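**Q** Need coordinates for the following:
(2 chains)
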Amino acid sequence: MIFLDNWFWIFAVIAVPGFWLCPKPLKLYWLLAASGIFHFHFAGPAGMAPIILLALMTYVTGIAVAGGNGRRLFIATCTLVVGSLLFYKYSSFGLASLGAFGSALGFGSLPTELSTWRAPIAPLAISFFTFEFIHYLYEVRVHGREPIRNPIHFGVFAIFFPSLASGPIKRFPDFVPQLERLENPGVDKALAGARRVIRGMFKKVCIADLLVEFIVVFEDVPQYTFPVVAALAVLQGFRIYYDFAGYSDMAIGLAQMLNLTIPENFDRPYFSTSLQDFWRRWHMSLSSWIRDYIYIPLGGNRNHRGANMLMAMFICGLWHGAAWNFAIWGLYHGLGLGLENIIKSRYPTLFEDRRVLTAARWCCCYGFVSYGWLLFFYPASTVWRMTVDPILALFGP
Amino acid sequence: MSFGKRGWVRLQRVLLVGFFILAGATTVWAKICLPPVSGDRPRLHDIDKTGVLWLELLLRQHEVCWREARSPNEKRVFAIGNSAIYGFPWPYESTAIALVNEELERQGVAAHIFNLGFVFTYQTKEAMILSEALRYEPDFIVYGVTLDDYAHLAPFPYLPVTKFFEANSRAVARLAADPPRSFEEPFRLYRDAQAADVRPYASWIEFRQAGTFVRLAAQQTAKTIRKRMFPSFQEEGPRIGKKNPRYDCNKIKRSFEKTYANWNEWSMLEYLAQLRAETGVEVLVVNWPVAHEPRGDCYNVRYPNESFEEYLEWMKKKADGLGLAYLDLHDLLDRLEFVDSVHPTIEGQRKVATRLGEALTRLLEGERAP
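**A** This is a model prediction of the structure:
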């Protein structure tokens, strides 16, 4: 984890007070330089080069397509950005899956060169870069937003070090105006930022990492019984929450110490009383991105709502990693959301704000989400055993 | 749900404050014992895990802290030594020390032997463990030793040992101020190698050690719960007997030869005699069995063989001269009863336990010579 690396803390001890001490006109350059050093240290030249290329293309395209112009250029750049993500992160997985499906359906296997193809190591945080660049291009071309003309502003937006590795995914209309009036934070704000960083570290190190110790032991059992599976689902749910929320807290706190605001990512998601509510509180910067740039462009609630939902959640799942368990997790949530919509439209009384109903909805939602974490973390065959073994144990020795 | 955002934040704060109060209290209150990081607390660390090296924590999780005496007359016997005394690579139940306990119980001897063995052969480390363990009031000390333990490693030639002394820098400072007899030089060397004022650095290391400890303790707690849920489940044991082709026995011996020059300048025997005189605690020095010739990986035959005869003679004379009981088991086992150069097989452990148990019973019952 980047924020727990000794190098990072030495870097932060120089970068943050350095920002405070910098004269006002130089603060922006300081931020860019610090972010560049950070990116170079963790990604290396090979990891930085493709991102610089994509950032340059996005910057130039943004200016060229402003005001609804340059449709082809817009499509070409979006294709390049998404294509890079697919190439680095999903090409090996895609080819392997294609080969497996081909053989299973009797079409024969892929040539060895293709089935054994391994993509180069993906540049650091390419998924985050892709989503931020697509958001930028879409907002400028489709929603007619004013593009970022200052290249330094664009550079800082692209590689802002607190959010570089694990988000939150920023929105440029909220972030860039802050760069135009960079100032030192007040003591209260800086202290609040520092507190948030400490809180994030606590969540990550003292809670998430501790839960891992339990999870590792309970994964190594001779038989999946109901208590073991339930414990794994709950522990994995809290582990991923505290891990990711801790990381987000550190990023948000660091940004706060630089007097910048980046989006919140979590809002007590396990208190959700419906799946829709859960996705409004869980990884908010990603779920709102998926809604704005996949679900709504696909048609949103207007037509084929169920299919749009499934597709959006399938992509959301795959975004987490190139493996089928993530895709299945996404589809599982897509189906859950679809089912919830049907129930909501047929039995609206179930969603009334009454204490018993709220508690029942919370139980259903929490159970659904927790089971989902098993799909997220384990291969389908393991989840199958985790599901079937406890049931079979009820019926026999 | 009625549990609002403020309530959630408040709960987090309470948990945070509670955690720090608990951690602080544990450190301050002398007799508080900690959850185990090694099975059911019979050893200082788990076989493959030496992440926690801070003795303050290791002793508090050990049965020296937890075990109540079964009878008012029960003697507490501390076994000090290297990984051979620890019982590497076997589960606790198969080790010589555990088998001695069974033997003592069978014979109705009111005594319990505590395994304070720790991986690495190095007697300065043993001196440190013993001095820290004294607060748990031993009545008897069994010191298992081989010539391997006599390397002069202070202050830095061997990384795991360096880390051990770094994690216990406060104890080093204490021992450097009032060193155990014959260990003046190594403790001075370690103290000089550490910063003049070790406090901030020591606090940081201890903080990290506490973190690692909490994680290991959590894992151990999970294992205990799992054991209750699946009593028949056996964890996979450590893999042994795999030869490492990179070990060149002669090269290892050559590189260590320098550390064995003046090997008997520092000696635990002097320190044990000092303790015996000052506190009345009885001592048994056991010349632990070794394979003598490289076996397996040979990584732990570092001493020059030509020193061995001299060592045997010296040990006997020294122990006799200091009035310490001495049990020579160096030739007890056949070469094939070792998994490598210094660690006996389970059969070897049994033989050691029989001899050690007999000697200990006689000594505890008041007979002087084993």
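**Q** show me what contacts B:L336?
**A** By Cβ atoms under 8 Å, 6 or more residues apart in numbering or on different chains, B:L336 lies in contact with B:T345. Backbone N, C-alpha and C define where each C-beta goes, glycine included.
**Q** ok, now with 10 Å
**A** Contact analysis of B:L336 by Cβ atoms under 10 Å, 6 or more residues apart in numbering or on different chains lists B:291, B:295, B:345, B:347-348.
**Q** now for the residues you listed, which pair is the farthest apart?
**A** With distances taken as Cβ to Cβ, the most widely separated pair in those is B:R295 and B:E347, at 14.8 Å.
**Q** Same drill for the two, tell me which one is more crowded.
**A** B:R295 (20 against 13; other Cβ atoms under 10 Å in any protein chain shown).
**Q** Show me which helix runs longest in the chain.
**A** All of this is about chain A. Ranked by number of residues, the top helix in chain A under DSSP state H is helix A:27-65.
**Q** Oops, wrong one, chain B.
**A** helix B:199-229.
**Q** buried residues in the following helix or strand past it?
**A** Moving toward the C-terminus from helix B:199-229, the next helix or strand (DSSP states H and E) is helix B:249-257. Neighbour-count burial for helix B:249-257, with 16 or more other Cβ atoms under 10 Å in any protein chain shown as criterion, is recorded at B:249, B:252-253, B:256.
**Q** burial of A:D249, as a residue count?
**A** As a burial measure, A:D249 scores 25 neighbours (other Cβ under 10 Å).
**Q** ok, now how distant is it from chain B?
**A** A:D249 sits 11 Å away from chain B, going by Cβ to the nearest Cβ, to the nearest Å.
**Q** A:R195 too?
**A** A:R195 sits 11 Å away from chain B, going by Cβ to the nearest Cβ.
**Q** excluding its backbone neighbours, what's nearest that residue?
**A** Distance criterion Cβ to Cβ, 6 or more residues apart in numbering or on different chains; nearest residue to A:R195, sequence neighbours excluded, is A:G253 at 7.2 Å.
**Q** and if you look at A:A251?
**A** Among residues not flanking A:A251 along the chain, A:P162 sits closest, at 4.4 Å (Cβ to Cβ, 6+ apart).
**Q** Was I right to think the one you found contacts A:V197?
**A** Yes. A:P162 is within contact range of A:V197, at 9.4 Å (criterion: Cβ atoms under 10 Å).
**Q** hang on, the earlier thing: against which helices or strands is the longest helix of chain A packed?
**A** Contact here means 3 or more Cβ pairs under 10 Å, 6 or more residues apart in numbering or on different chains; DSSP states H and E; on that basis helix A:27-65 packs against helix A:6-21, helix A:71-85, helix A:126-141, helix A:151-159, helix A:161-164, helix A:172-179.
**Q** Same question for the second one: list its buried residues.
**A** Residues of helix A:71-85 classed as buried: A:73-74, A:77-78, A:81, A:84-85 (neighbour count, 16+ other Cβ under 10 Å).
**Q** Sort the contacts of B:L336 by pLDDT and name the bottom one.
**A** Ranked by pLDDT, the contacts of B:L336 bottom out at B:R295 (63).
**Q** coming back round to it: filter the buried residues of helix A:71-85 by proximity to chain B?
**A** For chain B, no contacts are drawn from the buried residues of helix A:71-85 by Cβ under 10 Å from any Cβ of the partner chain.
**Q** Next, format the residues you listed as CSV and append pLDDT.
**A** Formatted as CSV, those follow (pLDDT from 0 to 100):
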residue, pLDDT
A:L73, 95
A:F74, 95
A:T77, 96
A:C78, 96
A:V81, 96
A:S84, 95
A:L85, 94
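**Q** For the lowest-mean-pLDDT helix or strand in chain A, list every residue counted as buried.
**A** In chain A, no helix or strand scores lower on mean pLDDT, DSSP states H and E than helix A:112-115, which sits at a mean of 75. By 16+ other Cβ under 10 Å, the buried positions in helix A:112-115 come out as A:S115.
**Q** and residue 9, what does it touch?
**A** Looking at chain A here, since you left the chain open. By Cβ under 10 Å, 6+ apart, the residues touching A:W9 are A:F3.
**Q** meant chain B, my bad for not saying
**A** B:V9 neighbours (Cβ under 10 Å, 6+ apart): A:199, A:268.
**Q** in the host helix or strand of it, what counts as buried?
**A** In this assignment (DSSP H and E), B:V9 forms part of helix B:5-28. Using 16+ other Cβ under 10 Å as the burial criterion, none of the residues of helix B:5-28 qualify.
**Q** How many residues are close by residue 47?
**A** No chain specified, so I'll use chain A. Neighbours around A:G47, by other Cβ under 10 Å: 19.
**Q** wait, chain B
**A** Neighbours of B:I47 using other Cβ under 10 Å come to 19.
**Q** before we move on, what about B:H343?
**A** B:H343: 24 surrounding residues under other Cβ under 10 Å.
**Q** Identify the farthest-apart pair in the buried residues of helix B:249-257.
**A** Pairwise distances across those peak at 10.9 Å for B:C249 and B:F256 (criterion: Cβ to Cβ).
**Q** how close does the closest residue to A:K204 other than its chain neighbours get to B:Y311?
**A** Sequence neighbours aside, A:G246 is the residue nearest to A:K204 in space, at 3.3 Å (criterion: Cβ to Cβ, 6+ apart). Going from A:G246 to B:Y311 by Cβ to Cβ, to the nearest Å gives 55 Å.
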